[in-house]
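[1] sequence and computational prediction follow.
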Amino acid sequence: MSTNEPAVELRNLGVTYGGPTGREVLRGIDLEVRDNEIVCIVGHSGIGKSTLIRCIAGLQKPTTGEVRITGKVITEPPATLALVSQDYGRTLMPWLKVGENVRLPLRGIGLPRKTQNEHVAQVLAAVGLDGAERSYPWQLSGGMQQRVAIARALAYRPQVLLMDEPFASVDAQTRAELEDLLLTLQRDLGITVLLVTHDVDESVYLSDRVVVLGGTPALVRDVIDVPLTGVRDQLTTKADPQFIECRSRVLTSIQLSKTAPASV
C-alpha cells in the first residue's frame with residue numbers, strides 16, 4: 001500500500017566491526033527507495049553490500065544512523081519485509097516438501113489453513129511451480145529451488161523484498177529466466193525490490209536506479225537512473241543504446257570507486 005513515506009529509507013547509516021576503534025565498513029549511507037521501485041546495489045567484492053542488506057532486514061544493528069521501512073525505525077526484522085539470499089540450499093528445509101517450505105512464513109501470522117493453502121498455491125503458480133508442492137527441494141534443479149525461495153518470500157505478501165545476490169548460484173540461462181520472473185512478479189504484485197548484485201548487466205536490466213558503493217569505508221558514490229521504458233526482455237533491451245550507455249556508466253563508476261578516498 002502506497003504511503004507518503006519512502007518504502008525504505010537509510011539515514012546516516014554506518015557499521016564498524018570491533019567497536020569504536022575497529023574496522024569501519026560503511027559510513028554515512030543515505031538512501032531513499034520509493035514505493036514499487038527496483039533498486040540494485042553494486043560495488044566491488046567485500047565492500048559491505050551484504051552488511052547493508054542485513055541492516056535493512058533488521059538482522060544487524062548499525063553502529064550509527066537508522067533504517068526506516070515506510071516511516072518506521074527498524075530494530076528487528078519487520079513483518080512487511082522478506083529476504084531472499086543466493087544460498088537457497090541452506091535456506092530451504094530439505095526434510096520439508098516444497099509446499100511446506102513455502103508455508104513456513106504463514107504459520108505464525110494466524111491465517112486459517114485454507115487461506116494458507118490458497119497463498120501457497122498462488123505463489124507457486126506465480127513462479128511457475130504449480131504442481132511441485134509435493135516434491136522435496138533436493139528433487140528440483142537449482143533454478144527451481146530458487147523459485148521456491150522466492151515463492152516463500154512472497155507467500156505472506158511483503159511490501160519490500162530484499163535480495164542478496166539471488167541469482168549468483170545458477171547458470172546463465174536460468175539466471176536470465178529468474179531475472180525476467182522477478183520483473184514480472186514486481187510488476188504484477190507492486191512490491192518494492194532492493195537487490196544486491198555483482199553483475200553490472202543485471203543491475204541495469206532490472207533497475208529503476210543503480211546505487212554504486214565505493215571507498216573504504218564504503219559510501220554511496222553514485223546513484224544512476226536507468227532510462228529504459230516499457231517491458232524489458234533479454235535480447236532487445238540489452239541491445240538498446242540506452243542500456244549500453246547506462247551499463248558503461250555503472251561500470252566506470254565502480255572502477256573509479258575502487259581508488260576513491262573515503263570522505264571525511
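    Nice, I can see it.
[2] make sure residue 211 is indeed in a strand.
    Yes. Under DSSP: H, G, I helix; E, B strand; the rest coil, residue 211 sits within a strand.
[3] and it, how far is that from residue 26?
    According to Cβ to Cβ, to the nearest Å, residue 211 and residue 26 sit 13 Å apart. No exception for glycine: its C-beta is placed from N, CA and C like everyone else's.
[4] export the lowest-mean-pLDDT helix or strand in the chain to PDB, keeping only CA atoms.
    Lowest on mean pLDDT, DSSP states H and E among the helices and strands of the chain sits helix 88-91, with a mean of 80. Extracted C-alpha coordinates of helix 88-91, given in PDB (Å, rounded to 0.1, in the frame of the first residue of the first chain):
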ATOM      1  CA  TYR A  88      18.900 -21.500  -1.500                       C
ATOM      2  CA  GLY A  89      20.400 -24.800  -0.500                       C
ATOM      3  CA  ARG A  90      20.700 -23.600   3.100                       C
ATOM      4  CA  THR A  91      17.500 -21.500   3.400                       C
END
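[5] measure residue 222 to residue 213 for me?
    Taken as Cβ to Cβ, the span from residue 222 to residue 213 is 9 Å.
[6] between the two, who's got more neighbours?
    Taking other Cβ atoms under 10 Å, residue 222 and residue 213 do not tie; residue 213 has more neighbours (24 against 17).
[7] my read: the more buried one touches residue 41, true?
    Yes. Because the distance of 6.5 Å satisfies Cβ atoms under 8 Å, residue 213 is recorded as touching residue 41.
[8] joint contacts of those two?
    Shared contacts of residue 213 and residue 41, defined by Cβ atoms under 8 Å, 6 or more residues apart in numbering, are found at 49, 52.
[9] can you give me the end-to-end distance of stretch 160-170?
    End-to-end distance for stretch 160-170: 24 Å, by Cα to Cα, to the nearest Å.
[10] same check on stretch 181-201?
    16 Å.
[11] do stretch 124-140 as well
    This stretch, stretch 124-140, spans 14 Å end to end (Cα to Cα).
[12] from the chain's centroid, how far away is it?
    On the basis of Cα atoms, centre = their mean, to the nearest Å, stretch 124-140 sits 22 Å off its chain's mean C-alpha point.
[13] could you list the low-pLDDT ranges of the stretch 1-150 of the chain?
    1-4, 20 (pLDDT under 70).
[14] all strands for it, in order.
    Counting by DSSP state E, counting those that start in this stretch, the segments of the stretch 1-150 of the chain that form strands are 8-17, 23-33, 38-42, 64-69, 72-73, 81-85.
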